[in-house]
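Okay, here's the prediction I keep looking at, along with the sequence it came from:
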Amino acid sequence: MTSTRTDRRDGPAEAAALSASFGRKGALEVRLARSASEIDAAQAVRYRVFYEEMSAKPDAETRARKRDFDRFDEICDHLLVVDHSLAPEGIGEGELPPQAVVGCYRLLRQEVAGKSGGFYTASEYDIAPLLARHADLNFLELGRSCVLQPYRNKPTVELLWHGIMHYVTAHKLDVMFGCASFEGTEPGKLAAPLSYLHHHHAAPDGWKVRALPHLYVEMNRMAAEDLDPREALRALPPMIKGYLRAGCYIGEGAVIDHQFGTTDVLILFPVAQISDRYMSKFGTK
């Protein structure tokens, strides 16, 4: 990786946003990456979670570098959770040790995506009609979310939400979206949770997004009356449960990602419709 979005910021407002801390709980802080080395540390966290802990399949370069990376990393902002207990006191700018980065999210604003080849999500879902229907709104893509196992707890998740909502407010963004994943590539084994999402959280007409035809996997695998909602809810990954609590919508059709060993669904958040509980807890207004 030879350049980062930090190299191409212009103006005092963006410089201030780059250096700002979005929140802190004890030794943990959430903020944007400030250097190529910090983005590299986030890529290392992603490799550990996706390739070593989960079942993603690395190509030769990915395995050699022990980094999860793609072309979008150079145009995205990278939200980090930093554990300052792993960083020496008085450390200088750009000297954060890689092991201090313990969680991350990748953020891609529509104005950036439009100049740089589009959104990652477009490789799985037909988002063009959605963007056209809401041409007056500003979209933010969320992706590559992961947290190291010892930090998968409420304080870390809450810090990430604080960071995202600060970023949304700072950039006046209206809609968040992205892919969320189930482990595994056999949708038949996910019949209950996929059907639960289809029956109870499908996007309304104005927000419908459909998986690309050649990737489309049916989510309606069980009749609503045959579902045990509590059991189905328990089978959802924690990240998707959190999205549902915030009030997200779910797109039409799942997608199998064979490289990452996952079954993906599309999540969609019109910011104005995020639940009052989440806005009061994590909002900045």
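Sure, I can see it.

tell me which element the spatially most central residue of the chain falls in.
To find the centre residue of the chain, average its C-alpha atoms and take the closest one (C-alpha atoms, centre = their mean): that gives residue 143, at 3.1 Å. Under the assignment given by DSSP states H and E, the secondary-structure element containing residue 143 is strand 139-147.

and the helix or strand following that strand, what's its mean pLDDT?
The element immediately downstream of strand 139-147 (helix or strand, assigned by DSSP H and E) is helix 154-170. Along helix 154-170, the predicted confidence averages to a pLDDT of 91.

circling back to that earlier point, find the residue closest to the residue nearest to the centre of the chain in space, skipping its chain neighbours.
In space, not counting the residues next to it along the chain, residue 143 is nearest to residue 106; the distance is 4.6 Å by C-beta to C-beta, 6 or more residues apart in numbering. Just so you know, the C-beta spots here come from the backbone N, C-alpha and C atoms, and that holds for glycine as well.

again with residue 184
Residue 184 sits nearest to residue 263 (C-beta to C-beta, 6+ apart), 6.2 Å away.

Reduced to three states, what does the one you found come out as?
Reducing the assignment at residue 263 to three states with DSSP: H, G, I helix; E, B strand; the rest coil gives strand.

can you pull the contacts of it?
Applying C-beta atoms under 8 Å, 6 or more residues apart in numbering to residue 263 gives the contacts 181-182, 184-187, 190, 194, 217, 254-257.

element containing residue 107?
strand 101-109.

Could the C-alpha coordinates of that strand be exported in PDB?
Output for strand 101-109, consisting of C-alpha atoms alone and laid out as PDB, is shown next (Å, rounded to 0.1, in the frame of the first residue of the first chain):
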ATOM      1  CA  VAL A 101      -5.000  -1.500  17.400                       C
ATOM      2  CA  VAL A 102      -7.600  -4.000  18.600                       C
ATOM      3  CA  GLY A 103     -10.700  -3.300  16.400                       C
ATOM      4  CA  CYS A 104     -11.600  -1.500  13.200                       C
ATOM      5  CA  TYR A 105     -14.300  -0.500  10.800                       C
ATOM      6  CA  ARG A 106     -13.800   0.700   7.200                       C
ATOM      7  CA  LEU A 107     -15.800   3.800   6.100                       C
ATOM      8  CA  LEU A 108     -16.500   4.900   2.600                       C
ATOM      9  CA  ARG A 109     -18.400   8.000   1.800                       C
END
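
The helix or strand following it packs against which elements?
Beyond strand 101-109 in the direction of the C-terminus, DSSP H and E gives the next helix or strand as helix 110-115. Secondary-structure packing of helix 110-115 (3 or more C-beta pairs under 8 Å, 6 or more residues apart in numbering; DSSP states H and E): strand 139-147.

Quick check: neighbours of the strand it packs on in the sheet, parallel or antiparallel?
Within its sheet, strand 139-147 is paired with strand 101-109 (antiparallel), strand 175-183 (parallel), according to DSSP bridges.

I am finished for the moment; much appreciated.
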